[in-house]
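Student: Structure for the following, please:
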Amino acid sequence: MRILVLNAGSSSLKADVLDPSTGARESWVEIDRIGEHSTLSVDGAEPVRQPVESMNEALRVALPHLLRGGAVDAVGHRVVHGGSRFTAPTRVDDSVEAEIEALIPLAPLHNPAALALIRAARAEFPSVTHVAVFDTAFHATLPARARAYALPRELAEAHGVRRYGFHGTSHGWVAAEVARHLKAQIRELRILTIHLGSGCSVCAVENGRSVEISSGMTPAEGLVMRTRTGDIDPGALIALARAEGLDLDGLDDLVNKRGGLAGLAGGSGDFRDLEERASAGDESARMAIHVFCHRLRKYIGAYVALMGGVDVIAFTAGIGEHSALVRQRALQRLGFLGAVLDDDANRDASVSQLRPVFAIHDPASRVQLLVVHTDEARAIARDTAALVAGADAVGTPGAIPIAVSARHIHLTRAAVDVLFGVDHTLTPLKPLSQPGQYASVELLDIMGPKRTIERVRVLGPERSACQVEISRTDEFFLGLDAPVRISGDVTNSPGVTLRGPAGSLTLSEGVICAARHIHMTPADAATYRVKHKDMVEVEVSSGPRKLIFGDVTIRVSEASKLEMHIDTDEANAAEISNASEGALVQVEAVAVLRRRETRYDQDA
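Tutor: Okay, the predicted model is just below:
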């Protein structure tokens, strides 16, 4: 398959024709400074002067060079900002164009250029599929607490002011490359992906999802960048505006074009120049590098703490792939995390399409330290090819019943002995909808750091590990910070004390908020065209009320009954009546599969 990938900057065009399965490029074109002193580079050759006044004209200039090998099968478009609407690669039609246009206020420099290119390309290639791939989409999984700014809620919601995150195509690609390199499932890893180029960001990837990102509503938040300040006290900007008479455009220019490495050291802010100047004794260049690396190391430490540890730290993009100095400074003094750098490997590190991953950790390091080649064009091409092939399609043979799961407890044999007495046997109260499972007569109290929830139902039969499943409301009431996990995954979760009639038991881990999921048999999975551990998007209907749930996990087992499980908070959001005593209660609402989510398709 031949995919044309179009990447529109605010005044530039990068275009590739490539095979998404191998990454082999037939041709590529770069046009810079559109509307000014524009230049054209073909297949990596030196740029030559080429007058180009608009994005439409740029496409017309580029196509003869790109289509030397014949027609393309589809077109993939990079779009910087998808807002809260676009959370996955999306087939482009007139309505999608209109929604991208509506998002222009969130990305006033980049989205207009991308939209102009989409319209020009659709006119040029009307018979092929066009797919928009959004920089922000990978970060759609950010939890609410990572998305929000501490602003009046009504004001923020009215203007779409929240943290969206950027470089998502690169972060997602690198995380998948890490999993392939380690021959591991991405959902089993805690990864820090560090994208360092002209724009920079750090992303915490846990269970295959972006859970924190240093960039925010715009790319200007977070790390120090080439010309962007990164994090800065708003009070400092207010003081400068008053002192210098800066208007809003002046502040925008200061934060995005006059700050960062260029502001600290003067010049262009190109990191290669800074390293040369620093080695020659230039103190301003040295200070710029110190500030850049200090900010990066601070983010690494914060995100490791957020995930409760880290398995992999991966560097990518221009600076991340090529600066041994930055990697060394960012990783120094991280031995307490088990991250030990091999200085020789770090100096020798070199990555490319042929060798996409290079390990730079010492053999004694508990954390994998990697340099990873990012390939955003190939990532966009893969996403495009997947949608052309219908990889997001699901079968729709009928609605899926929904059961609401309130708080409940699973116990081991040893825990039953402690809490209810030696050789006590759980007494079935009533069967649950899933075969072989039951709500027991036994009740326990959950004692959190803040409060206690009494008389919580124990479910049977006994399990190999204790687990306490609660809702977000319960989490706050108890004073805990419980991760959202699939049942059975309790690693690095908080503990709690259980109080029973025969004694108390303190768990070191085991408290989770259960991720929403759908149980089905292999026959059901074949009918719905999904497989075990797939992630799907589901429309839940309860009377006139409809709600879309993303990131719903498919769990396939011969012993299962077709049913979607959600917790009480999710049921309340969908206005579904729910259970009150910890049993699994079937309700009138039903679920309909909308699409497969394809971001885990590259798992090893």
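Student: Just the element for residue 551, please.
Tutor: strand 545-556 (DSSP states H and E).
Student: what's the model's confidence in that strand, averaged?
Tutor: Averaged across strand 545-556, pLDDT comes to 83.
Student: after it comes which helix or strand?
Tutor: Downstream of strand 545-556 (by DSSP H and E), the next one is strand 563-567.
Student: In terms of secondary structure, what does that following strand contact?
Tutor: Judged by 3 or more CB pairs under 8 Å, 6 or more residues apart in numbering; DSSP states H and E, the packing partners of strand 563-567 are strand 400-405, strand 511-514, strand 517-520, strand 535-542, strand 584-597. (Each C-beta comes from the backbone N, C-alpha and C, glycine too.)
Student: Just checking the distance from it to the centre of its chain.
Tutor: 24 Å (CA atoms, centre = their mean, to the nearest Å).
Student: ditto for stretch 225-237
Tutor: 24 Å.
Student: Just the buried positions in stretch 214-234, please.
Tutor: 214-230, 232 (16 or more other CB atoms under 10 Å).
Student: Would you convert the helices and strands packed on strand 563-567 into a markdown table that also reports mean neighbour count, distance to residue 36 and mean pLDDT?
Tutor: Formatted as a markdown table, the helices and strands packed on strand 563-567 follow (neighbours: other CB atoms under 10 Å; distance: least, CB to CB, whole Å; pLDDT from 0 to 100):
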| stretch | mean neighbour count | distance to residue 36 | mean pLDDT |
| --- | --- | --- | --- |
| strand 400-405 | 22 | 56 | 85 |
| strand 511-514 | 23 | 52 | 90 |
| strand 517-520 | 23 | 53 | 91 |
| strand 535-542 | 20 | 43 | 82 |
| strand 584-597 | 19 | 41 | 68 |
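Student: Go ahead and confirm residue 445 touches residue 498.
Tutor: Yes. With contact defined as CB atoms under 8 Å, residue 445 reaches residue 498; the gap is 7.1 Å.
Student: The two: who's more crowded?
Tutor: residue 498 (24 against 14; other CB atoms under 10 Å).
Student: Provide the secondary structure category for the more buried one.
Tutor: strand (DSSP: H, G, I helix; E, B strand; the rest coil).
Student: re earlier: how about the helices and strands packed on strand 563-567, which one is nearest residue 76?
Tutor: Minimum separation from residue 76 across the helices and strands packed on strand 563-567 (CB to CB) falls at strand 584-597, 17.6 Å.
Student: So for the one helix or strand residue 250 maps to, what gets flagged as buried?
Tutor: Using DSSP H and E, the element containing residue 250 is helix 248-256. Buried residues in helix 248-256, defined by neighbour count with 16+ other CB under 10 Å: 254-256.
Student: Stretch 345-361 too?
Tutor: Those would be 345-346, 349, 351, 356-361, for stretch 345-361 by 16+ other CB under 10 Å.
Student: for stretch 426-439, same thing?
Tutor: 426, 429, 432-434, 437-439.
Student: so where is the stretch 51-200 of the chain shaky, pLDDT-wise?
Tutor: For the stretch 51-200 of the chain, no stretch is flagged by pLDDT under 70.
Student: what ranges do the helices span in it?
Tutor: 55-66, 94-102, 111-124, 144-147, 153-159, 168-182 (DSSP state H, counting those that start in this stretch).
Student: Turn the buried residues of helix 248-256 into TSV, columns for pLDDT and distance to residue 549.
Tutor: Shown next, in TSV, are these (pLDDT from 0 to 100; distance: CB to CB, whole Å):
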residue	pLDDT	distance to residue 549
254	93	42
255	92	37
256	88	36
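Student: how about a markdown table for the residues you listed, with distance to residue 47 added?
Tutor: Converted to a markdown table, the buried residues of helix 248-256 look like this (distance: CB to CB, whole Å):
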| residue | distance to residue 47 |
| --- | --- |
| 254 | 29 |
| 255 | 29 |
| 256 | 24 |
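Student: just the strands in the stretch 351-500 of the chain please.
Tutor: 357-359, 368-372, 400-405, 408-410, 428-431, 438-447, 452-460, 467-469, 484-485, 496-499 (DSSP state E, counting those that start in this stretch).
Student: Can you check which of those gets nearest to residue 298?
Tutor: strand 368-372 (17.9 Å).
Student: Give me the packing partners of the closest one, helices and strands only.
Tutor: Checking 3+ CB pairs under 8 Å, 6+ apart, strand 368-372 ends up next to helix 168-182, strand 312-316, helix 317-322, helix 324-331, strand 357-359.
Student: just those: most buried one?
Tutor: strand 312-316 (a mean of 27; mean count of other CB atoms under 10 Å).
Student: any idea which helix or strand comes after the helix holding residue 250?
Tutor: helix 260-265.
Student: picking up where we left off before, need the helices and strands packed on strand 563-567 in JSON lines with distance to residue 116, can you?
Tutor: Shown next, in JSON lines, are the helices and strands packed on strand 563-567 (distance: least, CB to CB, whole Å):
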{"stretch": "strand 400-405", "distance to residue 116": "42"}
{"stretch": "strand 511-514", "distance to residue 116": "43"}
{"stretch": "strand 517-520", "distance to residue 116": "41"}
{"stretch": "strand 535-542", "distance to residue 116": "30"}
{"stretch": "strand 584-597", "distance to residue 116": "28"}
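Student: Mind listing the residues bridging to the most centrally placed residue in the chain?
Tutor: Among the residues of the chain, residue 210 comes closest to the average C-alpha position under CA atoms, centre = their mean, at 2.8 Å. Bridge pairing for residue 210 (DSSP bridges) gives the partners residue 205.
Student: give me every residue that touches it.
Tutor: 138-142, 165, 168, 171-172, 203-204 (CB atoms under 8 Å, 6 or more residues apart in numbering).
Student: can you do 6 Å?
Tutor: 138-139, 141, 203 (CB atoms under 6 Å, 6 or more residues apart in numbering).
Student: Ok, residue 39 next?
Tutor: For residue 39, the contacting residues are 32, 47, by CB under 6 Å, 6+ apart.
Student: Same check on residue 288?
Tutor: 261, 264-265, 274.
Student: Make sure it is indeed in a helix.
Tutor: Yes. Counting by three-state DSSP, residue 288 is part of a helix.
Student: can you count the residues close to residue 188?
Tutor: Quick note: residue 188 (other CB under 10 Å) scores 15 neighbours.
Student: What separation do you get for it and residue 455?
Tutor: 36 Å (CB to CB, to the nearest Å).
Student: what about the stretch 301-450 of the chain, any weak spots by pLDDT?
Tutor: In the stretch 301-450 of the chain, no residues with pLDDT under 70.
Student: let's see 90
Tutor: 308, 333, 335, 337, 353-354, 389-406, 430-437 (pLDDT under 90).
Student: List phi and psi for residue 424.
Tutor: phi -70, psi 140 (degrees, to the nearest 10).
Student: any idea how far the residue lying closest to it once chain neighbours are set aside lies from residue 428?
Tutor: Counting by CB to CB, 6 or more residues apart in numbering, residue 424 lies nearest to residue 416, which is 5.6 Å off, once chain neighbours are set aside. Distance, residue 416 to residue 428, by CB to CB: 14 Å.
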